[in-house]
Structure formats: structure tokens, C-alpha cells
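Student: just the structure for this:
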Amino acid sequence: MDFGYNSVDEQEQEEEEEEEVMAQHGNDPSSESLDTERDLLEELTVKELKKRLKEEGLRTVGNKDELIERLLRPERETIGQLKNGIAHCLLTADDILVMGLSWVNINEKRQQVRQALNVERFKSFFGVEPSTLKDVYSKLVDLCDVDDVGLKEFLMLVEWLNKYDTESGMTSRWGWDEKHIGRKLKKVGKQMQSASKAVIVLDLNNFDPKEVIIVSVDCVNYATTEFRLDPSTMWFDHKSHGPGLKYEFGVCVHSPYCVWIRGPFPAGKYNDLSVFLGKESEGQPQAEWNRDALFWKIPSGKKAVADRIYAGCPQKVMVKRDGHPVWVQST
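Tutor: Model prediction:
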């Protein structure tokens, strides 16, 4: 895992430190015992290997062969690797705060202010607090089986998603040229997109069988720039009075998890109920509705809770009304 600030001198120092560690550990285990242990590890699943690595405070990224090698030769996790390739499970929110601000040109001297002010500065670039990004980064690294995700690359993507700056505008902050920034944004963005599919899952087995109302559903419109290659009134968002995209979200009612995201849709083409039902147009027969819509994922006997625009689907949605309990009104 590369935090992005390795230099040639640090690389040489790492090699020296690794030689010292190897010398302290003496000779490698005999090839026979090593092969036996390798055979035992190969019988484990990737999930079981990662669990053992976490228990030993070692990195959990890489393919199965790399995980096995790391368990067999933990001495190769040198001091230099812990500094520049620190196991994400050891990474703290304060580490992310300090490094994140440093990468956007707020050096450690300028960080000698109130903690609250540093957090506010951090949020102005990255949108959320360091503690939130620590959890997201740890989960992302856990779910990336092949390629390591550098913290610097991850934070650069988050800043780009938050501020939507041009690649040229980002070069002065991140110290890379436009082409390199573009490649990194695409690579880590795809990794995050892939990881989200493993995290945001509507699994009915995770709900209490006695629950009737299982999710709260709503659509959110996001303002965007003009779509020059596809100009149309369908992009118009009546909330921001400009172009926008619509996403549908489903959040558990009795636990703090987002279990459903669907989109994007043109903000002006569909209303929230049409997205929920999977309808393309008014009067479209139900047999032609999109089966990927949330309407088809909620089984008989279960319901979502939503605002009044969903009143046209009483069989799958309970609409919030003034007389309902506080917990319903707040969902």
C-alpha cells in the first residue's frame, strides 16, 4: 500500500532495515517445514487468511498467494513498510487528517491550530470527517483482492468527487501531472464502485422475520454540469433549477445501513415513484416494468416507508402521514 510519499532515500533505507530484520530472524525455516505450512494455508479461504493476517497486525491486501507468503514470512513487513505501507487496520483518523491536509498544501506547521479547525479544513476538501474516511478506506482495501489502494490516491479521488476540480487544477495540490491524475482517478474510482456492490446489498436474510417495514426509500437529486454531448430537458432538476441526476436510496429502518442504491437517472425524466416501480412512462403495462427496480425486490408481506409521492403504491409502501408515530416520521 503506497501512501504516495516514498523517495529514493526512503527506498534505500527500507532495504537496509529489511536486511537488519532478516539478520535478526536468522536463517529461513527449512524448505520442508515451509512447504508443509504452505500446504495447510492453501486449504484456507481468502477470508480465513485475511482474518489471520488481521490478528497478527499484517496487511490484508493482495491475492491468495500473496496473503500466504505474508503469513509465511511476516519478517518481510519491515519498519519501512509500516511507515509507507502501513496495515490499514493500524491507520487512525488522526493519521488521515494530518496526511490529507499535507497533500492539499496545508503542512504540519499550519496544522498547529485547534483540532476542530483542522477537521473543518479537511471537510472543505474531502466532504466528510477523517473518521468516516478511515472506515471507508479500510473497507475498500479489504475488498480489493489484487491491487493495493494507496491512501493518497484514495483521498485524491474523494477530493475530486467532492470538489469536481479539473485535472489541471489538481496538479499543484497532488504533485502529479494531468495524465497520471486521470489514470489514478479512473482506477481507484472503479475499485470503489466494485467494492460498493459488495457492501450495499439488500439481503432479506439480514432482517428480522417479524419486521414488516424493512427500509426507508427516497430519491436524491444531485446538481451537475451541463451535458454538452447530450443536451435535453430531461436533465433539468426542478430543485436546483439546473442539470442534475437522480439516485434512489434505501436505508434500513432498524439498523444504520444503506442497503440499496439505484441510478443515475435524468433528474427531469422520472419522478420518485416511477424509479421505485421501474416505469418508463405513464400508462406502461406492469409486465413491461423494469424488474431491477426496488418494487420487485420487496417480497410480499414486507413494505418500505416513504413520503407521500409514493402513495400510488400502497401494496409495497407505507406513506408517512401526520398521525404516525415519531419514529416513522423521522425515517
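Student: any idea how far stretch 51-67 is from the chain center?
Tutor: Averaging C-alpha positions (C-alpha atoms, centre = their mean, to the nearest Å) puts stretch 51-67 20 Å from its chain's average.
Student: now that stretch - C-alpha only, CSV.
Tutor: In CSV, the C-alpha atoms belonging to stretch 51-67 read as follows (Å, rounded to 0.1, in the frame of the first residue of the first chain):
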residue,chain,number,x,y,z
LYS,A,51,-8.6,-12.9,9.4
ARG,A,52,-5.3,-14.5,10.4
LEU,A,53,-3.4,-11.5,9.0
LYS,A,54,-5.5,-9.1,10.9
GLU,A,55,-4.9,-10.9,14.1
GLU,A,56,-1.2,-10.6,13.5
GLY,A,57,-1.4,-6.9,12.5
LEU,A,58,-0.3,-7.6,8.9
ARG,A,59,-1.7,-6.2,5.7
THR,A,60,-4.7,-8.0,4.3
VAL,A,61,-4.5,-6.9,0.6
GLY,A,62,-3.4,-9.0,-2.3
ASN,A,63,-4.3,-12.2,-4.0
LYS,A,64,-4.3,-15.6,-2.2
ASP,A,65,-0.6,-16.4,-3.0
GLU,A,66,0.5,-13.0,-1.6
LEU,A,67,-1.6,-13.5,1.6
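Student: going forward, count from 779.
Tutor: Right, with 779 as the first residue, what we last looked at is stretch 829-845.
Student: buried set for it?
Tutor: Leu831, Leu836, Arg837, Thr838, Val839, Gly840, Leu845 (16 or more other C-beta atoms under 10 Å). C-betas here are computed from N, CA, C, even on glycine.
Student: would you turn those into a markdown table with distance to Lys941, secondary structure and pLDDT?
Tutor: Shown next, in a markdown table, are the buried residues of stretch 829-845 (distance: C-beta to C-beta, whole Å; DSSP: H, G, I helix; E, B strand; the rest coil; pLDDT from 0 to 100):
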| residue | distance to Lys941 | secondary structure | pLDDT |
| --- | --- | --- | --- |
| Leu831 | 35 | helix | 82 |
| Leu836 | 35 | coil | 74 |
| Arg837 | 30 | coil | 71 |
| Thr838 | 31 | coil | 74 |
| Val839 | 28 | coil | 68 |
| Gly840 | 32 | coil | 70 |
| Leu845 | 36 | helix | 83 |
